[in-house]
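> Provided below are the primary sequence and the corresponding predicted coordinates.
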2 protein chains.
Amino acid sequence: MSPETPQVVIGLNAVILAVTDEEPRILTLPRRLPVVDQQQDEGGAAPPEAVDKGPSAGASSSRPVDALPFGPLDADRDRTLELALRGWVREQTGLEVGYVEQLYTFGDRHRDPRQRLGGPRVVSIGYLTLGRQETPATGVNAVWRPWYEYFPWEDWRRGRPLILAQRLAPALARWVEESEHSSRRAERRERVDIAFGLGGAPWDAERVLDRYELLYEAQLVGEAWRDMPAASPHPVEDRHFGRAMGFDHRRIVATAISRLRGKIKYRPVVFELLPPTFTLLQLQRVVEALAGTPLHKQNFRRLVEKGGLVEGTGEVSSGTGGRPAELFCFRRDVLRERPTPGVGLPALRTP
Amino acid sequence: MSPETPQVVIGLNAVILAVTDEEPRILTLPRRLPVVDQQQDEGGAAPPEAVDKGPSAGASSSRPVDALPFGPLDADRDRTLELALRGWVREQTGLEVGYVEQLYTFGDRHRDPRQRLGGPRVVSIGYLTLGRQETPATGVNAVWRPWYEYFPWEDWRRGRPLILAQRLAPALARWVEESEHSSRRAERRERVDIAFGLGGAPWDAERVLDRYELLYEAQLVGEAWRDMPAASPHPVEDRHFGRAMGFDHRRIVATAISRLRGKIKYRPVVFELLPPTFTLLQLQRVVEALAGTPLHKQNFRRLVEKGGLVEGTGEVSSGTGGRPAELFCFRRDVLRERPTPGVGLPALRTP
DNA sequence: AAGACTTATACTCAACATGAGCATAACTGA
DNA sequence: TCAGTTATGCTCATGTTGAGTATAAGTCTT
């Protein structure tokens, strides 16, 4: 490795989320990335563009994959990580993000194909941003894509997804059975049951990352094959679940969903995704879209209204298709009143 | 800056937590660190030991400060971040950590005095580890120190801490008033009220990090003065709250407390801090120590027993000082039964 | 213009969870 | 034996949650 190669590069990755037409969508950039070839596995110089610069079309071939907006931290220029992230997003998409939250930092060497091409060690910090769906700058090749395309088993709004019982559960069962020792099988089975709500265990909507990690380990997602040093030719597509992404970006999106599904319960973050005023059904649809579960309409209304999360504006919306609905807005005072203002949960009192 | 200086260094920091005598304690290493001098602010070569190596006594003077075990990521050797952390902890303390959880990644340039001495950019990843209090290897200068020494306003077990009303609230009020514009004052006041439960707002035990960040901004913690490029001589100690730490380590500990106080509510992590069998009062005392609030004994028992979190072993403990108590152990099956098994919270059903 | 359909909103009721307290049991030490 | 200490069982009022009924007020179709 050449001496002037930096040892470590910090990659900043943004899951830019908006909800439109009752679908949570993330902003993705289709990118052509170098394919790891079995022959030249340890040799060959790295195409530096893929690592150092953002999406400036690298010289590599192969079909494009979805990637998140991302770029490295400039140690000399960027004063904070968040400012660096905002800069990259602006540069690559033309969008100005509002609410930003750090998710997690990933640094496994073996889960990034770039590491095998002689590039520097990449440590990626994932961020989640919330906002409304805006059109990227002209000339930017960005796509707002529903996040359930990457995680079809996570959408329970119209009942338990068919893919679960029909395809995922059998594939996972095979993975459990392919273990040699029975203790190992029992351990795998328990992990599968808890993560996917099988074998009598309940479905926990927040375990999105657990489920993705398990699928990766069981080699049921495309990324797992891509990352294997001596991968056999890609197996039948039928055994890959959900749409794959470049780098470790799907893992970062899984982290984002997990985090957000947890957070809406105790912090009023949903409102970042809504216009200043909205009907209660609009609000409900957004929460349902994020949580991936249907909600009882009347109870939801009681929750947010009696809970002091929203207040009526007096205005009414006409385009409901039925009786006009009152327009509500977020009630900021709730932050002073309750410790955990979110969609569900009790309060605490001062004794 | 010399060309072979790495641009970015990843610092891995461990908050090693155990609870003994009803006090949560973290393992700290007293270290002598270079003092930032006003004269040589931008010049001077960095003492590389303070950054590159762990606590190998640097050549610098000044009195020692508390620091967490930490060390840089070795991009070539360490396969994962967590393995690197375990290695550093082992090397510096002789301890083998069990449960490990990543907290947050900090990268603000201006909040690390090392950055002003010409060293590389440090990005610190904080980790939390849970276990029992073990004695560090002989020869290691490590101290288990109660975390409430760093955050005395966080311990509400014996009622509202006196320091809050007597010293913190007035100091914060001064900070609010010292703003020029009234809109700025109103904004500061709202932040103070929400973070510290003043002005009628409730106390939210989880906002530990918010409170520390606010104190830092209001220059009411020692670290704020240390980090100022042109700091006036340190003001009277009377205006600093809690025991200070080196680097940004107190911020990392604040993150740890916030995270843990949230997590015990929905994941059975408390048991990592307890022996395999314990009495219910022992369990309660540990939860109280972490949450910083007293709990109703009978209700707590009902919660963990009916909630299926623990099961009786039939054995009894004699050293209670009163009637002997039954010994309980963690009931692993609860993971299969409830989505969020912790100290408090409802369940979800499968329809 | 009537009737079907859609969405909004109010209200009820049972099941369950939570906060607070009373009562009794079983040990220790003076 | 009595006071002090902790353990454990039980009650009761209140709050929260899940599910459903009923009615209001629009749009669209014929």
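On my side now, so go ahead.

> Check the burial of the residue of the stretch 251-351 of chain A found nearest DNA strand C by counting its neighbours.
Here the stretch 251-351 of chain A gets closest to DNA strand C at one residue, residue A:322, 2.2 Å apart by Cβ to the nearest atom of the strand. Backbone N, C-alpha and C define where each C-beta goes, glycine included. Here the count is done by other Cβ atoms under 10 Å in any protein chain shown, and residue A:322 has 6 residues near it.

> What strand or helix carries it?
Secondary structure assignment for residue A:322, by DSSP states H and E: no helix or strand.

> In terms of pLDDT, where does it sit?
Per-residue confidence (pLDDT) for residue A:322: 86.

> now residue A:177
Predicted confidence (pLDDT) for residue A:177: 96.

> swap in residue A:2?
pLDDT recorded at residue A:2 is 46.

> and what of residue A:105?
Note on residue A:105: pLDDT of 98.

> can you give me phi and psi for the residue of the stretch 251-351 of chain A closest to DNA strand C?
The phi and psi values for residue A:322, taken as degrees, to the nearest 10, are phi -140, psi -140.

> now swap in residue A:18 and tell me
Residue A:18 has phi and psi values of phi -150, psi 160 when expressed as degrees, to the nearest 10.

> Then the one 10 residues further on?
Residue A:28 adopts backbone torsions of phi -120, psi 150, taken as degrees, to the nearest 10.

> Could you verify my assumption that it touches residue A:146?
No - using Cβ atoms under 8 Å, residue A:28 is not in contact with residue A:146, being 10.5 Å away.

> For residue A:156, grab the count of nearby residues.
18.

> quick one: contacts for it?
A:203, A:205, A:292-294 (Cβ atoms under 8 Å, 6 or more residues apart in numbering or on different chains).

> Determine which residue lies closest to the centroid of chain A.
With distances taken as Cα atoms, centre = their mean, the residue of chain A nearest its centroid is residue A:253 (1.8 Å).

> quick one: low-confidence parts of chain A?
A:1-6, A:34-62, A:116-117, A:230-238, A:344-351 (pLDDT under 70).

> And for residue A:169, the neighbour number?
Around residue A:169 sit 16 other residues, with neighbours defined as other Cβ under 10 Å.

> Please, which helix or strand holds it?
Mapping residue A:169 onto the secondary structure by DSSP H and E places it in helix A:169-177.

> Now for residue A:87, how many residues are close by?
In terms of burial, residue A:87 registers 15 neighbours under the definition other Cβ under 10 Å.

> What count of nearby residues applies to the closest residue to it other than its chain neighbours?
Beyond its immediate neighbours in the sequence, the residue positioned closest to residue A:87 (Cβ to Cβ, 6 or more residues apart in numbering or on different chains) is residue A:78, lying 7.1 Å away. If you count neighbours by other Cβ under 10 Å, residue A:78 ends up with 21.

> For residue A:78, pull up the helix or strand it's in.
Taking DSSP H and E as the definition, residue A:78 sits outside all helices and strands.

> quick one: it and residue A:72 touch, right?
No - if you go by Cβ under 8 Å, residue A:78 and residue A:72 don't touch, sitting 9.5 Å apart.

> Tell me how far the nearest residue to residue A:175 once chain neighbours are set aside lies from residue A:169.
Here the nearest residue to residue A:175 in space, its sequence neighbours aside, is residue A:218; by Cβ to Cβ, 6+ apart that works out to 4.0 Å. Taking Cβ to Cβ, to the nearest Å as the measure, residue A:218 falls 12 Å from residue A:169.

> Phi, psi for the residue in the stretch 1-150 of chain A that DNA strand D sits nearest to please.
Among all residues of the stretch 1-150 of chain A, residue A:21 sits closest to DNA strand D, at 18.5 Å; criterion: Cβ to the nearest atom of the strand. The phi/psi pair for residue A:21 (degrees, to the nearest 10) reads phi 50, psi 40.

> circling back to that earlier point, in contact with the residue nearest to residue A:87, which residues?
A:84, A:87, B:109.

> Among the residues you listed, which lie within helices?
Secondary structure assignment by DSSP state H places A:84, A:87 of these in helices.

> burial of residue A:184, as a residue count?
Burial of residue A:184 is recorded as 12 neighbouring residues (other Cβ under 10 Å).

> Residues in contact with the one helix or strand it maps to: which ones?
If you go by DSSP H and E, residue A:184 is part of helix A:182-196. Defining contact as Cβ under 8 Å, 6+ apart, one finds that helix A:182-196 is touched by A:153, A:164, A:168-169, A:172-173, A:175-177, A:179, A:198-201, A:203-204, A:207, A:210-211, A:214, B:335-336.

> Repeat the analysis, applying 10 Å as the threshold.
A:153, A:164, A:168-169, A:172-173, A:175-179, A:181, A:198-204, A:207-215, A:217-218, B:332-333, B:335-337, B:339 (Cβ atoms under 10 Å, 6 or more residues apart in numbering or on different chains).
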